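Participant: no sequence for this one, just the structure:
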């Protein structure tokens, strides 16, 4: 066989091999198993880098908390445990729906797959809605990171919810777009567009459901604190405090008879104050306001980066919904769903550590 004939034979073999390759199998893989294993290995390597990334923030929190624990304990009282617990439950449920989606992809249950991916997307939206309420409430109180801690924020004294409205602008626009898309899908009677637009529109509604839930619980928490403060003032009728002196000193917080720190109205706090006994400790020279700002810097950094990962996961899940609506997944090709599931489980796992670390440990 001449060199020209050999070249022609190899070209024909390559064309036949390419023709036998299914569309879902990348050209550089020999079979589905090799593609799945390569994708799984790549995802695990990516998740290792994510663990290392978050580990640095966990270490920073541990070191600074050990340096000045009384300030961190005080600051953690401004985190709403109920909202944190609800978000924990929502993410745990989303892990269930994501795992169910992987199984549905393997069994070619396309409608169930779209439904489970949509449920995961909705849970993520609820989480972000609740988190938006938490963030806006803290911004109104002046609980800001670093040197901006307890800044005089316009409208804070009046309970203005402008910050929450600002956080809801983008989700509102996206929800309106999804609603228009859903109406279009119904008008055109397109099954594919309906399967894509439906879950996305429901996720937008879930975000605002999370906002309503968070707002309700924050209002109840505010009433509870107000009742406690009123009860304390009635219990000590002859006691009065010079708030201007407290604010200028930035060190003392009114105490009850048991020596427990009692918060003033949240909206009047201008600094972290510690008990008188703590001022005699070796850490008395530490700038308490600076440490409080550091606590909220770590809080916003850890929860904010986690929220960015949630948003990234929502974008990828939306992409999966599109592919699932096209019925592209089956028992030979479900790697993308499985890999996104691994990523989502890590996001949930990180929150399981963040919740007790920031909200519960006092």
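Facilitator: Received the coordinates, thanks. Treat the numbers as computed from the prediction; the structure is a model and nothing was measured.
Participant: any weak-confidence spans in the stretch 251-362 of the chain?
Facilitator: Residue ranges of the stretch 251-362 of the chain with pLDDT under 70: 251-289, 362.
Participant: let's go with 90 and repeat that
Facilitator: Applying pLDDT under 90 to the stretch 251-362 of the chain picks out residues 251-295, 331, 360-362.
Participant: same question, the stretch 51-200 of the chain
Facilitator: Within the stretch 51-200 of the chain, the segments meeting pLDDT under 90 span 64-78, 137-167.
Participant: all helices of it, in order?
Facilitator: For the stretch 51-200 of the chain, the helices defined by DSSP state H, counting those that start in this stretch occupy 69-75, 81-106, 110-141, 162-167, 169-187, 191-235.
Participant: then the stretch 251-362 of the chain?
Facilitator: 288-325, 335-355.
Participant: and those helices as JSON lines, adding mean neighbour count and distance to residue 168?
Facilitator: C-beta coordinates here come from the backbone N, C-alpha and C atoms, glycine included. Formatted as JSON lines, these follow (neighbours: other CB atoms under 10 Å; distance: least, CB to CB, whole Å):
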{"stretch": "helix 288-325", "mean neighbour count": "19", "distance to residue 168": "14"}
{"stretch": "helix 335-355", "mean neighbour count": "19", "distance to residue 168": "22"}
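Participant: tell me which of these lies nearest to residue 59.
Facilitator: Ranking these by their distance to residue 59 (criterion: CB to CB) puts helix 288-325 first, at 10.7 Å.
Participant: mind giving me the packing neighbours of that closest one?
Facilitator: Counting contacts by 3 or more CB pairs under 8 Å, 6 or more residues apart in numbering; DSSP states H and E, helix 288-325 packs against helix 32-67, helix 69-75, helix 110-141, helix 191-235, helix 335-355.
Participant: give me that answer again for 10 Å
Facilitator: helix 32-67, helix 69-75, helix 81-106, helix 110-141, helix 191-235, helix 335-355 (3 or more CB pairs under 10 Å, 6 or more residues apart in numbering; DSSP states H and E).
Participant: for stretch 143-150, which residues meet the burial criterion?
Facilitator: For stretch 143-150, a neighbour-count test (16 or more other CB atoms under 10 Å) marks 143-145, 149-150 as buried.
Participant: all set now, cheers.
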